[in-house]
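Student: Next one to model:
(one chain, ligands or ions: 1)
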Amino acid sequence: MAKSGGNLMDKLVSLSKRRGIIFQSSEIYGGINSCWDYGPVGVELKRNIKEFWWRSMVYWRTDIVGIDASIIMHPAVWKASGHIESFTDPMVDCKKCRRRFRVDELKGDHCPVCGGDLTEARQFNLMFKTFMGPVEDETNMIFLRPETAQGIYVNFLNVQKSSRKKIPFGIAQIGKAFRNEITPGNFIFRTREFEQMEMQYFVKPGTDEAFFEKWKAARMEWYGELGIRPEKLRFHPHGPDELAHYAKAAFDIEYEFPFGWKELEGIHNRTDFDLSRHQQFSGKDLTYFDDQTRERYIPYVIETSAGVDRTLLTVLADAYCEEEINEDIRVVLKINPKIAPIKVAVFPLMKKDGMPEVAEKIVADLRKRYTVFYDLSGAIGRRYRRQDEIGTPFAVTIDSQTLTDQTVTVRDRDTMAQERIASAQLQNFFSDKLTI
Ligand SMILES: [Zn+2]
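Tutor: Numbering: from 1, shown residues only. So this is what the prediction gives:
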């Protein structure tokens, strides 16, 4: 197996466009910087990644429940959370060409583009602002949420009381968040609009460090189950100068992208910072009462915060392979079959002798459980290759033998080996291989 070399990112961008995984947003208008649209194949991959996360975090546990909070929240939330005050990057402007730069990304003290003089550094808030209602003034200013976490904190007691959860327990959420990053880039790695998979785990103060360690291990394990090669994953502990304003301890899970080791997910010990602040700013009692020990306290929070888009990029980068076959290059995405966008492709070998009719029956049956792609024309080799490029784990081919003994061939994406299986056995054959 040959892994692809240095220009892997270019290859992923081009494959994504060619096969309907990811398109540049508003492309017919020249595109808009760092915004991307998921195509017919990409949207399935994205849904499967989110589904796998949701099952692992919510359905397969008894101590976590989900919510889906509004993107637009009361503006006081962002005062309490510290985002209005602290969610900023120091920026300088070029006096000549008026470009804006992040101070920490500048080398030297002049504009890297035109060489002009720079202004003094100013704090630039990363939240997107807009207005609610018809009057565009300060009192109607609202923000697009920069993280989904706050929607969980403000609902802490609603969820705890309605679902009768006892500490320790968690609340999970998947949703969009927005950050007006100055330097987005690397395809879908850093974008201004992105989707998060966040879980906030509420614990008794004093038990937080043990739960922090548990969640670190559990989240690393999840990427292994997703199919990411372990040697491409590592922890990165945050030093004192990297810690966010709310955190007592933080570790990133990093992946080795073609552009270096970068953060995939953050695991944070947020202490009682958020709930205390919301109690202070809202004037509402957000304490938890433990009816066994008769203690009342504000819980500590262990947060696991992953990016959907980053995880998807990781899956693509980790799965991309080029193999030389008969002086030809086979491009194949060796995605974990359980999260593959299309699970099974069905091909009648020829468009005659009743093969399409048999194939359509098989498609109708498999579609009840899996995403199926049906293609009845073109050379069989090219049909296989197109599916390899989007990571379809299996291709079922109906040939003349099928018409006499009701068997089909099943081709494996990774080995290209084919085996004959009775078509009545297909559901059984795929069941444990393709179900999350
Ligand atoms: Zn300049």
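Student: Give me the domain ranges for the chain.
Tutor: The chain breaks down into these domains under automatic domain parsing: 2-75+143-316, 342-434.
Student: Which residue ranges of the protein form helices?
Tutor: In the chain, the helices defined using DSSP state H lie at 8-18, 40-54, 76-80, 83-86, 149-153, 156-163, 208-226, 273-282, 308-319, 355-366, 380-389, 400-405, 426-434.
Student: Which residue, other than its chain neighbours, is closest to residue 176?
Tutor: Spatially, and ignoring its direct neighbours in sequence, residue 176 is nearest to residue 195 (5.3 Å; CB to CB, 6 or more residues apart in numbering). C-beta coordinates here come from the backbone N, C-alpha and C atoms, glycine included.
Student: swap in residue 55?
Tutor: Per CB to CB, 6+ apart, closest to residue 55 is residue 436, 6.0 Å.
Student: Name the residues of stretch 151-159 that are buried.
Tutor: By 16 or more other CB atoms under 10 Å, the buried positions in stretch 151-159 come out as 151, 152, 153, 154, 156, 159.
Student: returning to that earlier point: for the residue nearest to residue 55, give me its contacts.
Tutor: 48, 51, 52, 55, 338, 339 (CB atoms under 8 Å, 6 or more residues apart in numbering).
Student: most surrounded residue in those residues?
Tutor: residue 339 (25 neighbours; other CB atoms under 10 Å).
Student: The closest residue to that residue other than its chain neighbours and the ion: what is the separation?
Tutor: Take residue 339 and drop its neighbours on the chain: the residue closest to it by CB to CB, 6+ apart is residue 48, 4.1 Å away. For residue 48, the distance to the ion equals 44 Å [CB to the ion, to the nearest Å].
Student: how much space between residue 48 and residue 310?
Tutor: Going from residue 48 to residue 310 by CB to CB, to the nearest Å gives 15 Å.
Student: How about residue 351?
Tutor: Applying CB to CB to residue 351 and residue 310 gives a distance of 42 Å.
Student: When these two are compared, which one has more neighbours?
Tutor: residue 310 (23 against 11).
Student: Tell me how far the closest residue to the more buried one other than its chain neighbours lies from residue 317.
Tutor: The shortest distance from residue 310 to any non-neighbouring residue, by CB to CB, 6+ apart, is to residue 264 (5.5 Å). Distance from residue 264 to residue 317, counting by CB to CB: 11 Å.
Student: what touches both of those two?
Tutor: In contact with both residue 264 and residue 317: residue 255, using CB under 8 Å, 6+ apart.
Student: What residues does the residue nearest the centre of the chain make contact with?
Tutor: Centroid-nearest residue in the chain: residue 308, 1.1 Å away (criterion: CA atoms, centre = their mean). Neighbour list for residue 308: 46, 49, 50, 174, 194, 195, 196, 197 [criterion: CB under 8 Å, 6+ apart].
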